[in-house]
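Visitor: Prediction below, plus the sequence it came from.
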Amino acid sequence: MSIFTGAGTAIVTPFSDGAVDYPALSRLIERQLEAGTDAIVVCGTTGEASTLTGAEKRDVTAFAVKAVAGRVPVIAGSGGNNTAAVIEASLAAQDAGADALLIVTPYYNKTTQRGLIAHYAAVAERVSIPIIVYNVPSRTGLNVAPATMRELLKLPNIVGIKEASGNIEQIVGVAALCPDCDLYAGNDDHVVPMLAVGAKGVISTIGNIVPQEMHDMCAAFFAGDIEKAKQIQFELLPLWRAAFCEVNPIPTKAMMEMLGLCGGELRLPLVSAAQENMERFAQVLKDLGLL
């Protein structure tokens, strides 16, 4: 059984004066649930996991689990490039009540494809909740080959992959070679194309801004209304392009602040968006009728 089907949002981590803004996080989670979001993903790339401490990751996960209260799955990011540290973070997320884990491939020191299998096997042996592999070569410099994903799926609690390679040949290769894999779009501009080859849904960045639309796009596709799903995909392209004109989540947080959803505070090395992009963000939001 899939962890979720539809639109999951990789939620931002709001900050205030350098600390996690839990009242804002509570409001963001409730907004997501009211819009029909099918899963909440915390401590991912969009949640600035790289600059959260281990204690903050544990606390954010536990807070989200309590706020969601079983209404949808809570998936916690616990990846890294040190297998022992990933095991520790994964056990902490499991203990905090996460329903599943999102584990990015090792980066910087990277590894071979055999090393990837050994890395994920070591983590999978220590936790009992499902694991989604996160493939984002543009950030990690390491790609999960379709044949490697087939081997990883032999591990009992590795169930799926968030595919953010941006390579349609790669994506179709995973879909063809791994028919039992829970495939999730990792790029918001690839949702409908990936659903067409059997994906279960999306783990979205722009869902922070338009959760209803992301949910409705997936729901329309699964209901057989492909034209509606396509139209939503096309309408959201300017927002997606704006959200990735600078490093994620710089633009997303800027737009969320414009909408009064949370503060736009970031942690170094991320800095606020360039002024010309702020003007672009405002125009995109106005064009969508959000501002």
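Guide: It's in. Numbers count the residues shown, from 1 in each chain.
Visitor: Pull out the buried residues from the host helix or strand of Glu88.
Guide: Using DSSP states H and E, Glu88 maps to helix 83-95. Residues of helix 83-95 classed as buried: 83, 86-94 (neighbour count, 16 or more other Cβ atoms under 10 Å). Every residue, glycine included, has its C-beta placed from N, CA and C.
Visitor: ok and the longest helix out of those in the chain relative to helix 83-95, angle-wise?
Guide: Ranked by number of residues, the top helix in the chain under DSSP state H is helix 54-68. Relative orientation of helix 54-68 versus helix 83-95 (axes from the mean of the first three to the mean of the last three Cα atoms, to 10 degrees): 30 degrees.
Visitor: returning to what we had before: by contact count, what packs against the helix holding Glu88?
Guide: The contact analysis (3 or more Cβ pairs under 8 Å, 6 or more residues apart in numbering; DSSP states H and E) places helix 83-95 against helix 54-68, strand 100-104, helix 113-124.
Visitor: gap between the shortest one and the chain center?
Guide: A distance of 9 Å separates the centroid of the chain from that of strand 100-104, by Cα atoms, centre = their mean, to the nearest Å.
Visitor: Likewise for stretch 251-270?
Guide: Relative to its parent chain, stretch 251-270 has a centroid offset of 17 Å by Cα atoms, centre = their mean.
Visitor: which residues sit against the helix or strand hosting Met255?
Guide: If you go by DSSP H and E, Met255 is part of helix 250-258. For helix 250-258, the surrounding residues in contact (Cβ atoms under 8 Å, 6 or more residues apart in numbering) are 12, 46, 205-206, 208-209, 242-245, 262-266, 270-273, 277-278, 281-282, 284-285, 291.
Visitor: most neighbours per residue, which of the helices and strands packed on helix 83-95?
Guide: Among the helices and strands packed on helix 83-95, strand 100-104 has the highest mean neighbour count (mean count of other Cβ atoms under 10 Å), at a mean of 27.
Visitor: quick one on the thing from earlier: name the next helix or strand downstream of the helix holding Met255, please.
Guide: Counting by DSSP H and E, the next helix or strand C-terminal to helix 250-258 is helix 275-287.
Visitor: what angle separates that next one from helix 250-258?
Guide: Computed with the same axes, to 10 degrees, the direction of helix 275-287 lies at 60 degrees from that of helix 250-258.
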